[in-house]
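A.B. asks: this is a predicted model, with the sequence first.
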Amino acid sequence: MSENVQTAMYEILKRIQAQLAVHDKRFDVLEDLVRKQRRDTAGLLVMAKAVTGDFAEQVAAIEERVRVLEARGR
């Protein structure tokens, strides 16, 4: 009886170990995906800052032109 219990326990532990190996692979895939998403997000952030900086410069130029035109009208 004791031998059957030990054998069953050994088989259960082997199955658990196999399932853990599968989960480890999944976590590795998720880790790679998260790393890629972070890199992509950082790239998008750089692009967004460049676009907003350019937009701010254009708005400032328009404001300056409006100020000059308003000054002429006085």
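C.D. replies: Structure received. As the structure is a prediction and not an experimental result, all values here were calculated from the model.

A.B. asks: tell me where this structure has strands.
C.D. replies: Counting by DSSP state E, one finds no strands in the chain.

A.B. asks: quick one: low-confidence parts of it?
C.D. replies: Within the chain, the ranges that satisfy pLDDT under 70 run 1.

A.B. asks: again, only using 80
C.D. replies: Flagging of the chain using pLDDT under 80 yields the residue ranges 1, 74.

A.B. asks: burial count for Gln17?
C.D. replies: Other residues within reach of Gln17, judged by other Cβ atoms under 10 Å, total 9. (C-beta placed from N, C-alpha, C; glycine too.)

A.B. asks: how near is it to Asp24?
C.D. replies: 10 Å (Cβ to Cβ, to the nearest Å).

A.B. asks: and for Val34?
C.D. replies: 15 Å.

A.B. asks: cool, and Leu13?
C.D. replies: Using Cβ to Cβ, one gets 16 Å for the distance from Leu13 to Asp24.

A.B. asks: how about Leu33?
C.D. replies: From Leu33 to Asp24 the distance is 15 Å (Cβ to Cβ).

A.B. asks: ditto for Asp32
C.D. replies: 13 Å.

A.B. asks: now swap in Ala48 and tell me
C.D. replies: Relative to Asp24, and taking Cβ to Cβ, Ala48 is found at 36 Å.

A.B. asks: where do the helices of this structure begin and end?
C.D. replies: 2-73 (DSSP state H).

A.B. asks: for Thr52, give me its contacts.
C.D. replies: Listed by Cβ atoms under 8 Å, 6 or more residues apart in numbering, Thr52 has no contact partners.

A.B. asks: distance of it from Leu30?
C.D. replies: From Thr52 to Leu30 the distance is 32 Å (Cβ to Cβ).
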